[in-house]
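Chemist: structure, please.
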Amino acid sequence: MKRLFLGLFGLMMIFSLLLGLFSSGTDQIKVTILYDNYVYAEGTKSDWGYACLIEGIEKTILFDTGTKGEILMHNMRQLDVDPQKVEMVVISHEHGDHTGGLPAFFRENSDVSVYHPASFSEKFVQGVKMAGAISIPVDEPVKLCEGVFSTGEMKGGPIEEQSLILETSQGLVVITGCSHQGIVNIVRKARAMSDKNIHIVFGGFHLLQHSDEAVNQIIAQFKEMGVVKCGATHCTGDKQIALFEKAYGPNFVQMGVGRVLAFPK
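Modeler: Presented below is the predicted three-dimensional model:
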């Protein structure tokens, strides 16, 4: 009888351990870089453009789609990402290096809602509808699903753009496409939308034409606003990225295709 009890107890302990291992992933939000100017994981391809996948939340979200569909699909295959699992697409702005991969993605999965700035062209909207997807224009800040928000269509720059905000237990995660509205303005908008601190900001910062002095001023503003970590990439510029890396040290997060970031909920 004692042996039977110990055997059952042992089986229960093993079952409990396995259950913990399989369920632990649900306690994290995972962001995988699918398209970027830089390579992080071997076997993936880099190109001018940006896209990332957000998992572990209410809906699996594809944020932007890069420039070339064949590269987006290649990177998805290499990173074992199933397009069929994407439930929502969010497009930051109507430039080809963020929308170009959408037709190829639609060939794999058009059963999605596409959230895009309200100013997008009729051509883009019709393309979404013809593919069988749902076009949802975004104007004001909006909750996309539990813990995920859009800044809304930010105006005043060369092109209207939206960015994503994720709520985590570490603070806000701000994901940008190209930051045409100004990266500092985007961070300020995120702070105004929540009382949480900014844990990390990553994506394209659009600083290629900025001098060292101008970039250092932006870095100073980041720190004044309490941005803990930074992952500048895509259209930020190599020299400008190096300045962020120098300023943030161990709190600079290297980006590139295949980089996976995890945040506790």
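Chemist: going forward, measure contacts and count neighbours with C-alpha atoms only.
Modeler: Fine.
Chemist: do you know the pLDDT at the closest residue to Asp212 other than its chain neighbours?
Modeler: Nearest residue to Asp212, sequence neighbours excluded (C-alpha to C-alpha, 6 or more residues apart in numbering): Gln240, at 7.1 Å. The per-residue pLDDT reported for Gln240 equals 98.
Chemist: can you pull out the helices in the stretch 151-265 of the chain?
Modeler: Secondary structure of the stretch 151-265 of the chain by DSSP state H, counting those that start in this stretch: the helices cover 183-193, 212-224, 238-248.
Chemist: now the longest one: mean pLDDT?
Modeler: In this model, helix 212-224 has a mean pLDDT of 98.
Chemist: if we can go back for a sec, list the residues that contact the residue nearest to Asp212.
Modeler: Leu207, Leu208, His210, Asp212, Val215 (C-alpha atoms under 8 Å, 6 or more residues apart in numbering).
Chemist: how near is it to Gln78?
Modeler: Shown here: Gln240 relative to Gln78, a distance of 29 Å by C-alpha to C-alpha, to the nearest Å.
Chemist: what does Ile165 give?
Modeler: Relative to Gln78, Ile165 is positioned 27 Å away (C-alpha to C-alpha).
Chemist: who's more crowded, those two?
Modeler: Between Ile165 and Gln78, counted using other C-alpha atoms under 10 Å, Ile165 has the larger neighbour count: 25 against 16.
Chemist: hang on, isn't the more buried one packed against Cys145?
Modeler: No: at 11.0 Å, Ile165 does not count as touching Cys145 under the criterion of C-alpha atoms under 8 Å.
Chemist: name the residues contacting each of those two.
Modeler: None of the residues lies in contact with both Ile165 and Cys145 under the rule C-alpha under 8 Å, 6+ apart.
Chemist: still on that earlier bit, just the buried ones from the contacts of Gln240?
Modeler: Buried residues within these, counting neighbours by 16 or more other C-alpha atoms under 10 Å: Leu207, Val215.
Chemist: CSV for the contacts of Gln240, including distance to Gln84?
Modeler: Formatted as CSV, those follow (distance: C-alpha to C-alpha, whole Å):
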residue, distance to Gln84
Leu207, 35
Leu208, 35
His210, 40
Asp212, 43
Val215, 40
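Chemist: so where do the strands sit in this structure?
Modeler: With DSSP state E applied, the chain shows strands at 28-35, 51-55, 61-63, 88-90, 113-117, 134-138, 142-145, 148-150, 164-168, 171-176, 198-204, 229-233, 260-264, listed in chain order.
Chemist: looking at those strands, which is closest to Thr44?
Modeler: With C-alpha to C-alpha as the criterion, Thr44 lies closest to strand 28-35 of those, at 8.6 Å.
Chemist: name the surrounding residues that touch that closest one.
Modeler: Taking C-alpha under 8 Å, 6+ apart as the criterion, the residues outside strand 28-35 that touch it are 45-47, 49-57, 65-66, 71-72, 75-76, 168, 255-265.
Chemist: contact partners for Val148?
Modeler: Going by C-alpha under 8 Å, 6+ apart, Val148 touches Leu164, Ile165, Leu166, Glu167.
Chemist: any of these buried? List them.
Modeler: Neighbour-count burial (16+ other C-alpha under 10 Å) is assigned, among those, to Leu164, Ile165, Leu166, Glu167.
Chemist: the last one against Cys145, yeah?
Modeler: Spelled out, that is Glu167. No: in this structure, Glu167 is not within contact of Cys145 by C-alpha under 8 Å, at 10.9 Å.
Chemist: count the neighbours of the nearest residue in space to Ser110 that is not next to it in sequence for me.
Modeler: For Ser110, ignoring the flanking residues on the chain, the nearest one in space by C-alpha to C-alpha, 6+ apart is Ala133 at 5.1 Å. The tally of other residues near Ala133 (other C-alpha under 10 Å) stands at 20.
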